[in-house]
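**Q** everything below, folded, please.
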Amino acid sequence: MYKIPVGLLLFLCLSVTAQQKPGNSTNPPAAATPPAALPKSGPKPYKEVITAKAITDDGLFKVHKVEEKYFFEIADSLLNRDILVVNRLARSAAGMRNFFFGYAGDIIGDNVIRFEKGPNNKVYIRTISFDEMAPDSTLPMYRAVMNSNIQSISQAFDLASLGKDSSGIVIDVTSWINSDNDILNFDPAAKRLFKVGSVQSDKSYIDEIRSFPFNTEIRTVKTYSKTAGTGVVSPLAAPPSGSFTIEINSSMLLLPAKPMKARYFDERVGYFTREYVDFDKNPQGVENVKMVTRWKLEPKPEDVEKYKKGELVEPAKPIVFYIDPATPKKWIPYLIQGVNDWQVAFEKAGFKNAIMAKEAPTNDPDWSIDDARYSAIVYKPSDIPNASGPHVHDPRSGEILESHINWYHNVMELLRNWYFVQASPNDPAARTTQFNDSLMGQLIRFVSSHEVGHTLGLRHNFGSSSTVPVEKLRDKKWVEANGHTPSIMDYARFNYVAQPEDNISEIGLFPRIGDYDKWAIEWGYRWMPEAATAEAEIPALNKLTIEKLKDKRLWFGTETNPDDPRSQNEDLGDNAMKASGYGIKNLQRIVPNLMTWSREANKDYQSLSTYYNEVVTQFQRYIGHVCKNVGGIMETPKTVEQPGAVYEFVSRERQKEAVDFIGRQVFNTPGWLVDEQILSRIGSNGPAVISRLQDMALGRLMSPATYTKLLNAEAANGAKAYTMTELLNDLRHQIFAEIPARRPIDIYRRNLQKNMVERLLVVIRPSAGTPPSAFGGITISFGPTISRNSDMISIAKGVLRSMLTELRSAGSQYGDPTTRYHLQDLVDRIDDAVNPK
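**A** Residues are numbered from 1 along each chain as shown. All right, here's what the predicted structure looks like:
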């Protein structure tokens with residue numbers, strides 16, 4: 001207990017005593033004025049608050065509108081219940097958009113709240129965090145965690161009245177809803193993104209509040225001032241002054257009293273997760289627990305025994321997506337089919353008719369696309385070429401509650417460009433700038449299926465396509481039966497390996513729901529009533545996973561591994577060099593036809609420019625796929641019951657194959673890209689295009705990150721490793737191949753040779769703070785500081801000294817002055833670095 005110092009206590013006593021004395025005045029004190037009668041405080045009778053003028057909407061909360069005020073009548077059973085609040089833009093402001101965000105339907109904030117009674121006739125809203133939990137309330141740790149995690153009181157109300165039958169509470173929510181608060185408006189991150197300032201209350205109002213059995217929907221019109229904000233902003237973003245007006249829909253959704261049984265994440269199957277710190281799970285510490293996000297699918301009570309016997313049954317509550325009424329009619333059947341394609345996957349989990357899509361009802365006054373009870377594919381009038389599949393889930397269990405798939409209008413341009421550059425040599429329907437509706441519809445169907453997969457909880461599986469032998473992608477019978485990738489969640493797009501002579505039809509070019517997708521849904525949605533807890537499910541799921549992964553087509557390759565060449569987006573097959581070689585053959589078929597296939601009467605050459613740049617970008621992707629093999633480290637997650645290593649270095653032979661490919665296809669000038677008829681019409685130039693591609697390849701191969709991995713592999717594997725010295729010598733022999741034979745060196749090769757020398761010089765310089773070099777229109781950044789004790793410096797110096805001797809000898813033997821100057825320049829650069837004066 002805090003003790004007041006004696007001196008201070010004496011001072012306080014004297015002060016109080018002095019104030020109580022009448023002082024030295026001889027006049028008697030004036031008579032005290034009787035206090036005015038205080039207004040009666042506390043709740044009023046129900047009928048005085050909810051008068052006969054009230055317009056009432058019954059639902060989760062009884063919502064009463066009394067003239068211009070809104071009241072919530074909250075039953076006692078709803079106090080201290082978890083309620084999820086999801087805020088969306090119902091109507092967006094002109095000029096507000098910021099890249100992919102700012103469209104009607106976008107989430108701008110969500111949180112979990114509880115209403116609770118407080119002392120002194122107060123009602124509080126607490127904002128609830130589930131980042132730290134001790135789920136078992138019977139254990140002592142539960143109280144300790146609760147004592148250290150008091151949830152924040154975000155809002156306080158006066159108790160206006162008790163409920164009609166003296167149970168429950170009535171509060172006036174008008175001022176709260178109209179105010180700028182984190183519960184019903186933008187969360188802090190969204191505020192920064194959209195440069196949201198303070199709310200302008202005189203230009204803001206409540207539009208309507210509607211209540212349904214498990215949710216209450218609040219629609220407001222809010223006007224905000226604009227702030228300068230931070231970060232990179234698109235040209236469409238709002239200027240940093242003035243104001244903007246939007247409509248916000250806030251869904252208050254009652255979460256289940258008993259959360260769904262969670263399923264713990266397994267990194268061998270790719271699901272999105274909800275993570276928290278668990279103080280119960282590990283008796284000798286804490287544990288970061290990851291729960292997968294998934295819908296709650298269970299059999300109807302009358303079908304439980306059928307399900308246990310292995311019969312297909314319908315779930316008690318299927319997953320239903322509605323198509324935004326704003327969607328162009330001709331695309332609706334394809335979007336619906338993209339959803340329904342997942343039926344076959346759920347059958348592996350024991351459910352039929354588990355997922356479906358429907359057109360939005362047109363005559364149901366209770367249906368709204370903003371209502372949190374309904375999932376939808378929302379059509380956005382945007383020039384952004386994209387689509388996305390977010391979802392809202394219960395943070396206590398990972399249960400997905402609803403999803404709004406974002407379908408941006410201009411995604412069709414993206415689909416057209418992908419299909420053109422990857423499939424036009426095989427599909428004549430793609431040799432144009434305007435695809436027919438049937439082809440575009442099938443492209444829409446594929447992307448719809450992919451985005452639905454995300455809303456089911458599935459992450460990208462960038463490793464799936466690496467399980468397919470490259471030559472099978474040219475086998476018409478095999479690829480049309482099995483597909484070119486086992487997962488639609490891969491970024492495998494279309495079968496660019498197929499050659500025209502293979503006669504592979506559209507079914508062998510398009511992605512589809514594959515073997516991995518079916519397995520992932522089985523893993524996540526198989527109902528396991530025999531396990532009372534998520535912990536109890538682990539042994540059975542682990543055993544099932546080990547057995548299933550004997551089929552390599554069911555492997556999950558993460559989207560986040562920077563070192564594993566099997567986990568890459570936009571790639572195909574089990575050998576990037578073979579697959580990319582076939583892909584380049586198809587690009588070489590496209591370029592001579594670009595002028596014809598991109599031609600649009602009465603238009604300029606914008607389509608030609610777009611298609612040519614798509615070819616260059618696709619070639620660049622192939623380069624990246626191959627380069628990732630050099631210094632590659634393969635990661636195969638396992639539990640202790642599985643044999644073999646988790647981490648393995650890519651073999652020396654595979655890395656040499658990759659470097660040889662880059663030498664042949666990239667460092668040997670890819671002249672097929674330098675078509676002057678095309679370049680003269682789109683305002684580009686050959687040296688810049690080639691330099692950019694070669695620079696990318698060298699940047700990947702000659703980076704400190706690659707060197708580090710090669711040195712680590714040498715330490716682990718010794719003579720079996722592909723070493724940094726071997727890499728640099730292989731590159732040197734490719735890039736300076738003209739020198740031994742004294743062959744002419746053209747402008748493309750001169751730029752490439754300077755590039756290699758500069759990348760070696762930056763390694764041996766004492767500081768990585770050296771400004772980047774620029775040549776051929778390309779700016780190079782060389783990455784992090786290299787330790788002065790690193791073998792990188794010794795090896796780079798050794799290679800440079802060998803080059804110095806060779807270049808000095810060759811320089812005087814070239815008659816061409818430009819080549820001679822070029823070689824002398826390289827000699828000077830190297831000599832200054834390795835023999836500083």
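
**Q** quick check: the gap between the nearest residue to Thr610 once chain neighbours are set aside and Asp370.
**A** Distance criterion CB to CB, 6 or more residues apart in numbering; nearest residue to Thr610, sequence neighbours excluded, is Asn417 at 6.8 Å. Every C-beta, even on glycine, is put in place using the N, C-alpha and C of the backbone. According to CB to CB, to the nearest Å, Asn417 and Asp370 sit 33 Å apart.

**Q** of those two, who's got more company?
**A** Between Asn417 and Asp370, counted using other CB atoms under 10 Å, Asp370 has the larger neighbour count: 23 against 18.

**Q** grab the nearest non-local neighbour of that one.
**A** Asn249 (3.8 Å).

**Q** mind listing what that neighbour touches?
**A** Asn87, Arg88, Leu89, Ala90, Glu217, Ile218, Arg219, Ser368, Asp370 (CB atoms under 8 Å, 6 or more residues apart in numbering).

**Q** and these, which of them are in helices?
**A** Among the contacts of Asn249, DSSP state H puts none in helices.

**Q** of all those, which comes closest to Arg743?
**A** Ranked by distance to Arg743 (CB to CB), these are led by Leu89 at 62.8 Å.

**Q** test my guess that the closest one contacts Gly105.
**A** Yes: under the criterion of CB atoms under 8 Å, Leu89 makes contact with Gly105 at 6.7 Å.

**Q** and stretch 572-583, how far from the chain's centre?
**A** Distance of stretch 572-583 from the chain centroid (CA atoms, centre = their mean, to the nearest Å) equals 27 Å.

**Q** nope, stretch 468-476 is what I meant
**A** That offset, for stretch 468-476, works out to 31 Å (CA atoms, centre = their mean).

**Q** go on, stretch 361-369?
**A** 31 Å.

**Q** distance across that stretch, terminal residue to terminal residue?
**A** Terminal residues of stretch 361-369 are spaced 10 Å apart (CA to CA, to the nearest Å).

**Q** likewise stretch 619-634?
**A** End-to-end distance (CA to CA), stretch 619-634: 24 Å.

**Q** what comes up buried for it?
**A** 619, 621-634 (16 or more other CB atoms under 10 Å).

**Q** now swap in stretch 163-183 and tell me
**A** Quick answer for stretch 163-183 (16+ other CB under 10 Å): 163, 168-173, 176-178, 180, 182-183.

**Q** count of residues packed around the nearest residue to Ser505 once chain neighbours are set aside?
**A** Leaving aside its sequence neighbours, Ser505 sits nearest to Glu480 (CB to CB, 6+ apart; 6.4 Å). Neighbours of Glu480 under the rule other CB under 10 Å: 16.

**Q** SS state for Glu480?
**A** Under DSSP: H, G, I helix; E, B strand; the rest coil, Glu480 falls in the helix class.

**Q** contacting residues for it?
**A** Ile504, Ser505, Ile507, Gly508.

**Q** okay, it: pLDDT?
**A** pLDDT, Glu480: 97.

**Q** which entry within the contacts of Asn249 corresponds to the minimum pLDDT?
**A** Ranking the contacts of Asn249 by pLDDT, Asp370 lands last with 78.

**Q** isn't that one up against Asn87?
**A** No: here Asp370 lies out of contact with Asn87, judged by CB under 8 Å, at a distance of 10.2 Å.

**Q** low-confidence ranges in the protein?
**A** 1-41, 94-102, 132-150, 228-241, 279-285, 766-785 (pLDDT under 70).
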